[in-house]
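[1] Give me a 3D structure for the following:
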Amino acid sequence: MDDYIARKEHEEFCRRMEAENKRLEDENNRQNKRIGIIEEKLEELIDLSSSIKSMTTEIKTMTKEIEKMGKRLETLEDRDGETWRTVVSHVVTAVVGAVICYIFAQIGM
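    Numbering: from 1, shown residues only. Below you'll find the model as predicted:
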């Protein structure tokens, strides 16, 4: 009979086990909720990371386009400047030629 436990001890053991199982179940539920929140945040971070990668690619493309536009603008500005210098050169040559002609005309040549 020494191996057997009393009914009262058995009921106390069952009560403690039920309480411990309830505590463990509550702890599992809290942890499951926390894991669910972490999973949601992780998905948001993954989406954000994908968005950043897309934006980086778009910014690189835009930077290349801006560089191309800058080169085209420089080319256009150089053309206008070159044309303006050519016009000024011709006008100066014409004025100098007219002045020389006028001086020669006054001298009688």
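[2] and residue 91, what does it touch?
    Applying Cβ atoms under 8 Å, 6 or more residues apart in numbering to residue 91 gives no contacts. For every residue, glycine as well, the C-beta is placed using N, CA and C.
[3] What separation do you get for it and residue 70?
    Separation of residue 91 from residue 70 (Cβ to Cβ, to the nearest Å): 31 Å.
[4] do the same with residue 92
    Distance from residue 92 to residue 70, counting by Cβ to Cβ: 32 Å.
[5] Got phi/psi on residue 6?
    phi -70, psi 160 (degrees, to the nearest 10).
[6] Any idea how many residues pack against it?
    By other Cβ atoms under 10 Å, the residues close to residue 6 number 8.
[7] begin at 755 from here
    Shifting the count to begin at 755 puts that one at residue 760.
[8] what about it, distance to residue 858?
    With distances taken as Cβ to Cβ, residue 760 is found 144 Å from residue 858.
[9] ditto for residue 801
    If you measure residue 801 against residue 858 using Cβ to Cβ, the figure is 84 Å.
[10] tell me the SS of residue 758?
    Using DSSP: H, G, I helix; E, B strand; the rest coil, the secondary structure recorded for residue 758 is coil.
[11] and it, how many neighbours?
    Neighbours around residue 758, by other Cβ under 10 Å: 8.
[12] List the contacts of it.
    Contacts of residue 758 (Cβ under 8 Å, 6+ apart): none.
[13] Residue 847 now?
    Contact analysis of residue 847 by Cβ under 8 Å, 6+ apart lists nothing.
[14] Please, which helix or strand holds it?
    In the assignment (DSSP states H and E), residue 847 maps to helix 761-861.
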